[in-house]
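Colleague: Got a predicted structure here, sequence first:
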Amino acid sequence: MRRFKRSRKQQFIPNINTEEWLANNPNAMIQCPSQPGGLKLTRESCAKRYMTANEPRWANIGAEPFHIFVFKMNLVACRKCDVGAGFAKELKVQAA
Ligand code: SF4
């Protein structure tokens, strides 16, 4: 019989009350108009997705390896997104 060894490391369990956080930060999250499932994300995450989607390295990847292909297809909606372009511009202005 095989026994599983218990890890001595403590697991990280986030202790955040999301409802309270959302109540305190009502404008922190946006709802993506293009991603399925009514994806909610921060403006910074949206900007990063837009910038990642427009990196030239994603233009030359084919169907293999599959996990990269899936990641790339996930970003297709972000490639020409006006919402993401606006947040990316804001993010660049803040960084400068
Ligand atoms: S860049 Fe556009 S499609 Fe991508 S997450 Fe942001 S709003 Fe959604």
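Modeller: Right, received. Where do you want to start? In this text the structure is predicted, and so the values were computed from the model without any measurement. Numbers count the residues shown, from 1 in each chain.

Colleague: Residue 47 falls within a helix, correct?
Modeller: Yes: counting by DSSP: H, G, I helix; E, B strand; the rest coil, one finds residue 47 located in a helix.

Colleague: in terms of contact, does it touch residue 93 like I think?
Modeller: No: using CB atoms under 8 Å, residue 47 is not in contact with residue 93, being 10.8 Å away. C-beta: built from backbone N, CA, C; applies to glycine.

Colleague: More neighbours: the two, which one.
Modeller: Set residue 47 next to residue 93 and count neighbours by other CB atoms under 10 Å: residue 47 wins out with 23 against 8.

Colleague: Not counting its neighbours along the chain, what's nearest residue 51?
Modeller: Distance criterion CB to CB, 6 or more residues apart in numbering; nearest residue to residue 51, sequence neighbours excluded, is residue 88 at 5.4 Å.

Colleague: Which helix or strand contains that neighbour?
Modeller: Using DSSP states H and E, residue 88 falls within helix 82-95.

Colleague: Let's verify residue 41: helix, strand, or coil?
Modeller: strand.

Colleague: sorry, back to before: can the helix holding residue 88 be found next to the ligand?
Modeller: Yes: contact between helix 82-95 and the ligand, assessed by CB under 6 Å from any ligand atom, occurs at 83, 84.

Colleague: for the residue of the chain found nearest the ligand, what are its contacts?
Modeller: Closest to the ligand within the chain is residue 84: 2.4 Å, counting by CB to the nearest ligand atom. Applying CB atoms under 8 Å, 6 or more residues apart in numbering, we find residue 84 in contact with 46, 47, 49, 50, 53, 78.

Colleague: Make a markdown table from those and add distance to the ligand and pLDDT to it.
Modeller: Conversion of the contacts of residue 84 to a markdown table gives the following (distance: CB to the nearest ligand atom, whole Å; pLDDT from 0 to 100):
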| residue | distance to the ligand | pLDDT |
| --- | --- | --- |
| 46 | 3 | 96 |
| 47 | 8 | 96 |
| 49 | 5 | 95 |
| 50 | 4 | 96 |
| 53 | 7 | 93 |
| 78 | 3 | 95 |
